[in-house]
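Asker: 3D, please:
(4 chains)
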There are 4 protein chains.
Amino acid sequence: MKSLTMRLMHLGLKAYFVGDMNVPPVQQGDLLLVSQGPGFFSTVDALVLIANNENCKTVVFTSRPDRLKARDYDQVVHIPAQTMADDQKSASGVLPMGSLYEAALFLFFEIVIISLRDQLGESAESMRARHTNLE
Amino acid sequence: MKSLTMRLMHLGLKAYFVGDMNVPPVQQGDLLLVSQGPGFFSTVDALVLIANNENCKTVVFTSRPDRLKARDYDQVVHIPAQTMADDQKSASGVLPMGSLYEAALFLFFEIVIISLRDQLGESAESMRARHTNLE
Amino acid sequence: MKSLTMRLMHLGLKAYFVGDMNVPPVQQGDLLLVSQGPGFFSTVDALVLIANNENCKTVVFTSRPDRLKARDYDQVVHIPAQTMADDQKSASGVLPMGSLYEAALFLFFEIVIISLRDQLGESAESMRARHTNLE
Amino acid sequence: MKSLTMRLMHLGLKAYFVGDMNVPPVQQGDLLLVSQGPGFFSTVDALVLIANNENCKTVVFTSRPDRLKARDYDQVVHIPAQTMADDQKSASGVLPMGSLYEAALFLFFEIVIISLRDQLGESAESMRARHTNLE
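Answerer: Next comes the predicted model:
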């Protein structure tokens, strides 16, 4: 989610990572993106409840839509990759715990960014120009 | 510096904390605020060098202006409180290491914020309305 | 809470800040310290519920014990300073929102650290030797 | 580097992420791992200098070993993937800036972790038991 926030900012959009210092209050018209790979994290669920109360739209990325709590998600994006909800099955992959999900999510976000870049009329150069030099 | 970033945002200003996800590149017209209590942190100094190269204005808060490296600071704010540069003297305070400096800096920033609030025509209410609800 | 974590580590104790990378699971024998200035943050409350389920001891710092949800707190520490739960009263202080609470909590933690230092037989020198040099 | 820190901790090793709260000072016997995809980040280079002065071993991951400053690296690991040092060439990839490098580094670290797991006699179960439940 951190790299997604950074790339959305590179596209010229107003994007904030929850926990960073300059996060404004969510309200109607905002979009909250959350990842709950195994279907439930109590702190993430708490944020979704706040967003629901403020009529903020929400999208969740998860490998286990069946384990999501009943919240008002405007979109559920199913990333069918192993997380800690499935890593103890006999057929589990070689990567530990949720690593496969993290990798799949990263790649999915990159594709979203490229697609958004074209739709917004942005270019590799305009994105690059917004990359911080403080590092 | 984190709480200062948050309060500047509450005042309606564009403020970013270096290390957060949506930090843009610094350039002419920007202002970089850094704290170097004991006079020198190598990573902070590296950021100041970048700001200097980009003609970004800089302000440093420190208890030891005499230990600052020769950089182009537009303003040096002297906070005369104990840091790790002075905590091994016989007359050192009861608080460990740089705690006194941290407390002094916090209070100083609060006064700056109140003063800025009045100059910007902001109010306790308008600041409060910008406080995040995602917590 | 961040500076408290750092100082507890300086005392030679195993301390972790929730959200940092190397946080282990909480279990029986651990102590979770949380701050809920105004009495309730949904994400913090979610962490307390987890600690309760794992029989981990918990301490909460708050200015409004009356607004705490019913959880198994082993200790409630009352810091009677203004937070966002009280900043809209006629008699509210000059500092915005929860700044007074933050300052009071900081000072309280410093006193706790000094007291712990003496009880643990640590010194200003031994604490200083554990301060990171990577900055 | 963050996910690597977390996985090393899951393996039972003492691992810290620079910038987190409980990072001890580096000294002889420690190993500092840094990533400088394009070959140089001023803040990262500053940390390497500190490590060099403390006789701490260092490993750097980079796509451009030719752009590294002359420091005492005990190991230079070459990850030959596009970063911001190469994203403006005619043959640059479809992913923006350093995304390909980030993905390659992630996969490389996962393979390292699996290899380390076997060498340390750890298992998927023992690693999982060290994953935090505070989320």
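Asker: sec struct for A:G29, please.
Answerer: Following DSSP: H, G, I helix; E, B strand; the rest coil, we place A:G29 in the coil state.
Asker: residues in contact with it?
Answerer: By CB atoms under 8 Å, 6 or more residues apart in numbering or on different chains, the contact set of A:G29 is A:C56. Where you see a C-beta, it was placed from the backbone N, CA and C, and this is true even at glycine.
Asker: how much space between it and B:M127?
Answerer: Counting by CB to CB, to the nearest Å, the gap from A:G29 to B:M127 is 21 Å.
Asker: Give me the three-state assignment for A:H131.
Answerer: coil.
Asker: give the contact list for it.
Answerer: By CB under 8 Å, 6+ apart, the neighbours of A:H131 are A:10, B:25, D:84, D:97.
Asker: Check what pLDDT it gets.
Answerer: pLDDT recorded at A:H131 is 97.
Asker: Longest helix in chain A, please.
Answerer: helix A:99-119 (DSSP state H).
Asker: That one relative to helix D:99-120, how many degrees between them?
Answerer: 180 degrees (axes from the mean of the first three to the mean of the last three CA atoms, to 10 degrees).
Asker: close to chain B, is helix A:99-119?
Answerer: No. Helix A:99-119 does not reach chain B (CB under 8 Å from any CB of the partner chain); its nearest approach is 13.0 Å.
Asker: Show me what counts as buried in that helix.
Answerer: Buried residues in helix A:99-119, counting neighbours by 16 or more other CB atoms under 10 Å in any protein chain shown, are found at A:99-105, A:109-110, A:113-114, A:117.
Asker: what's that helix packed up against?
Answerer: Counting contacts by 3 or more CB pairs under 8 Å, 6 or more residues apart in numbering or on different chains; DSSP states H and E, helix A:99-119 is packed against helix A:2-10, helix D:2-10, helix D:99-120.
Asker: Make CSV out of those helices and add mean pLDDT and distance to B:M21.
Answerer: CSV is the format used below for those (pLDDT from 0 to 100; distance: least, CB to CB, whole Å):
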stretch, mean pLDDT, distance to B:M21
helix A:2-10, 96, 4
helix D:2-10, 97, 12
helix D:99-120, 96, 14
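Asker: In CSV, list those along with distance to A:N133.
Answerer: Shown next, in CSV, are the helices and strands packed on helix A:99-119 (distance: least, CB to CB, whole Å):
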stretch, distance to A:N133
helix A:2-10, 13
helix D:2-10, 21
helix D:99-120, 18
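Asker: Could you give the bridge partners of A:S35?
Answerer: With DSSP bridges as the criterion, A:S35 is bridged to A:F61.
Asker: Write out the residues of chain A neighbouring chain D.
Answerer: So chain A meets chain D at A:3, A:7, A:10, A:41-44, A:84, A:87-88, A:92, A:94-97, A:99, A:102-103, A:106-107, A:110, A:113-114, A:117, A:124-125, A:127-128, A:131, A:135 (CB under 8 Å from any CB).
Asker: Just the element for A:L32, please.
Answerer: Taking DSSP states H and E as the criterion, the element that holds A:L32 is strand A:31-35.
Asker: so that strand versus helix A:99-119, what angle?
Answerer: Using the same axes, to 10 degrees: strand A:31-35 against helix A:99-119 is 150 degrees.
Asker: hmm, back to that, quick one: closest of the helices and strands packed on helix A:99-119 to B:V60.
Answerer: helix A:2-10 (26.7 Å; CB to CB).
Asker: Can you pull out the residues in contact with that closest one?
Answerer: Against helix A:2-10 from outside (CB under 8 Å, 6+ apart): A:15-17, A:33, A:106, A:109-110, A:112-113, A:116, A:127-128, A:130-131, B:21-22, B:24, D:96-97, D:99, D:102.
Asker: try stretch A:90-100
Answerer: A:37-38, A:81-84, A:86-87, A:103, D:3, D:7, D:10, D:110, D:113-114, D:117, D:124, D:127-128, D:131.
Asker: With the flanking residues excluded, which residue is spatially nearest to A:H78?
Answerer: Once flanking residues are discounted, A:H78 sits nearest to A:P65: 5.4 Å by CB to CB, 6 or more residues apart in numbering or on different chains.
Asker: next one: A:M127
Answerer: A:H10 is the one closest to A:M127 (CB to CB, 6+ apart), at 4.2 Å.
Asker: what number of residues lie near A:H78?
Answerer: 12 (other CB atoms under 10 Å in any protein chain shown).
Asker: Which residues are in contact with it?
Answerer: A:62-63, A:65.
Asker: Run through the residues that contact the closest residue to A:F41 other than its chain neighbours.
Answerer: Spatial nearest neighbour of A:F41, excluding adjacent residues (CB to CB, 6+ apart): D:E135 at 4.9 Å. Residues in contact with D:E135, defined by CB under 8 Å, 6+ apart, are A:41-44.
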